[in-house]
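Visitor: Would you be able to build a 3D model of this:
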Amino acid sequence: MTNEKTMSANVLRESAEVRFADELERLTQADTLNPKPQGWLRSPRAVRQFILGDDALQITPKFFGDDALVDRAIVTLLGKQGLMLVGEPGTAKSMLSELLAAAISGDSGLTIQGTAGTTEDHIKYSWNYALLLAEGPTEKALVSSALYQGMLEGKIVRFEEITRCPPEIQDVLVSLMSEKQMMIPEMKDNARISARQGFNLIGTANLRDRGVHEMSSALKRRFNFETVKPIQDPAFEIELINKQLNAELGELNTQVTIPANVIELLVTTFQELRSGNTKDGGNIKTPDAVMSTAEAVNIAYACALEAHYLGDGTLSAGAVARQLIGVVLKDNADDIKRMRYYIDNVARERAKQSKEWKAFFEASREFWR
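Guide: Predicted coordinates:
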């Protein structure tokens, strides 16, 4: 029989409230004098400290690049409107929603995943049909959704990829968010539940998915929209990737050499392909593929694993070139042409002056013919 610590060690990814339990406890102990909204476990000031970091309390920063956005998000959740985080894929929208829910409610698991198959039952409630047939529509037979539980317990609920849901399913939220009540017509006396203080909704939507199912004007009015943008500063992105890579590698960190010039090459490539402008002043066509910081971290991590298990223990620019294929080459044939142009015109010139760019160019030329 395994104990709780062993089980926790075997989990690939724990929820934010578990991963940062010690930090949340320190914040709670220090959060005695700050005004706390009804239904919130911690004050808005403590929520901000949890997400942006606080050296005095040994709270690590977890969201980077836009402190003002975090402030606006917290203020939105203090009010009656929901919070909608939009942006390109990989810009940490889901992570921010998880951190907010963990700090405010102590529970980031009340989540609805939007898909083409999401139904009204997923949003509101369903029934245990065995009990329904045996006892009728009772509270015991009702199977609550994440939103139902969030309203009942006064907690933050997360709705991921809301624009992937059909419009008629999205609009189930309109009356729920306006009235803060959920009717259960199957039960006697027009049963209903009313949301407790602390309940609110955080939605996320990718800008590239706006054409999937556009939100109705009525639903948009129930949310404040905040755009989460990619990191623009190369030096800051390099620092962030190094920090994330060290965290991902864990014990392997001391066994893999990570040259600074290779991480700089990785970030430069991503920033240029993302923006369409090279640092030399040239213009290039951007690929349709997502060139986010999260993808860059994934590439660096894959390269480090390759170096440790299959290579000489040093993360190489050639490995970056090989791993880049899986990011860029998705389903658009034009992206191959765009990458060829970047390799033949940008990487080729830099290869004349840099051994890292030379290794990147030579490995890339083999794959982007």
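Visitor: residue boundaries of the strands in the stretch 51-200 of the chain?
Guide: All strands of the stretch 51-200 of the chain, identified by DSSP state E, counting those that start in this stretch, fall at 82-87, 111-113, 125-127, 142-144, 156-160, 181-184, 191-194, 200-206.
Visitor: okay, the ones you listed in TSV with mean pLDDT next?
Guide: Shown next, in TSV, are the strands of the stretch 51-200 of the chain (pLDDT from 0 to 100):
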stretch	mean pLDDT
strand 82-87	95
strand 111-113	96
strand 125-127	95
strand 142-144	95
strand 156-160	97
strand 181-184	94
strand 191-194	91
strand 200-206	95
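Visitor: For V327, which of these is the nearest?
Guide: Minimum separation from V327 across the strands of the stretch 51-200 of the chain (C-beta to C-beta) falls at strand 200-206, 16.3 Å. Just so you know, the C-beta spots here come from the backbone N, C-alpha and C atoms, and that holds for glycine as well.
Visitor: Pull the distance from that closest one to the chain's centre.
Guide: Its chain's C-alpha centre and that of strand 200-206 lie 11 Å apart, by C-alpha atoms, centre = their mean, to the nearest Å.
Visitor: That one: partners in the sheet, and parallel or antiparallel?
Guide: Partners of strand 200-206 in the sheet, by DSSP bridges, are strand 82-87 (parallel), strand 156-160 (parallel).
Visitor: coming back round to it: compare the strands of the stretch 51-200 of the chain and give me the one nearest K279.
Guide: strand 82-87 (23.8 Å).
Visitor: Pull the CA coordinates from that closest one and hand them back as PDB.
Guide: Listed next in PDB are the C-alpha coordinates belonging to strand 82-87 (Å, rounded to 0.1, in the frame of the first residue of the first chain):
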ATOM      1  CA  GLY A  82     -16.700  37.100 -15.200                       C
ATOM      2  CA  LEU A  83     -13.100  37.300 -16.500                       C
ATOM      3  CA  MET A  84     -12.300  36.200 -20.100                       C
ATOM      4  CA  LEU A  85      -8.600  35.700 -20.800                       C
ATOM      5  CA  VAL A  86      -7.900  35.700 -24.600                       C
ATOM      6  CA  GLY A  87      -4.700  35.400 -26.500                       C
END
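Visitor: Could you list the residues in contact with it?
Guide: 73, 76-77, 93, 96-97, 100, 162, 177, 200-207, 220, 222-230 (C-beta atoms under 8 Å, 6 or more residues apart in numbering).
Visitor: Let me see the mean pLDDT of the host helix or strand of D22.
Guide: For D22, the element it lies in under DSSP states H and E is helix 21-30. Computed over helix 21-30, the mean pLDDT rounds to 97.
Visitor: same thing with stretch 258-267?
Guide: The average pLDDT for stretch 258-267 rounds to 96.
Visitor: How far away from the center of its chain is that stretch?
Guide: The answer for stretch 258-267 is 24 Å, by C-alpha atoms, centre = their mean.
Visitor: can you tell me which residue is nearest the centre of the protein?
Guide: Nearest to the geometric centre of the chain sits S94, at 2.8 Å (C-alpha atoms, centre = their mean).
Visitor: Look up the pLDDT of that one for me, please.
Guide: Reported pLDDT for S94: 94.
Visitor: so who does it touch?
Guide: Contacts for S94 (C-beta under 8 Å, 6+ apart) come out as 158, 160, 204.
Visitor: Distance-wise, check the second one relative to L83.
Guide: Taking C-beta to C-beta, to the nearest Å as the measure, E160 and L83 are separated by 13 Å.
Visitor: got any residues that touch both of the two?
Guide: Going by C-beta under 8 Å, 6+ apart, residues that sit against E160 and also against L83 are 97, 203.
Visitor: More neighbours: those two, which one.
Guide: L83 (25 against 19; other C-beta atoms under 10 Å).
Visitor: Quickly list what that one is bridged to.
Guide: Counting by DSSP bridges, L83 is bridged to I202, N224.
Visitor: that older thread, would you write a ChimeraX line that selects the buried entries of the contacts of strand 82-87?
Guide: Restricted to buried positions by 16 or more other C-beta atoms under 10 Å, the ChimeraX selection for the contacts of strand 82-87 reads:
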select :73,76,77,93,96,97,100,162,177,200,201,202,203,204,205,206,222,223,224,226,228,230
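Visitor: So M291: helix, strand or coil?
Guide: coil (DSSP: H, G, I helix; E, B strand; the rest coil).
Visitor: looking at it, it is touching L273, isn't it?
Guide: Yes: under the criterion of C-beta atoms under 8 Å, M291 makes contact with L273 at 5.0 Å.
Visitor: what touches both of the two?
Guide: V328.
Visitor: Can you give me the neighbour number for the closest residue to R45 other than its chain neighbours?
Guide: With sequence-adjacent residues excluded and distances taken as C-beta to C-beta, 6 or more residues apart in numbering, R45 is closest to N34, at 4.7 Å. Using other C-beta under 10 Å, N34 has 12 neighbouring residues.
Visitor: Check the one 3 residues further on too.
Guide: Other residues within reach of P37 by the criterion other C-beta under 10 Å amount to 14.
Visitor: what about the strands in the stretch 201-350 of the chain?
Guide: 223-227.
Visitor: if I look at the residue nearest to the centre of the chain, how far off is T111?
Guide: For S94 relative to T111 (C-beta to C-beta), the value is 9 Å.
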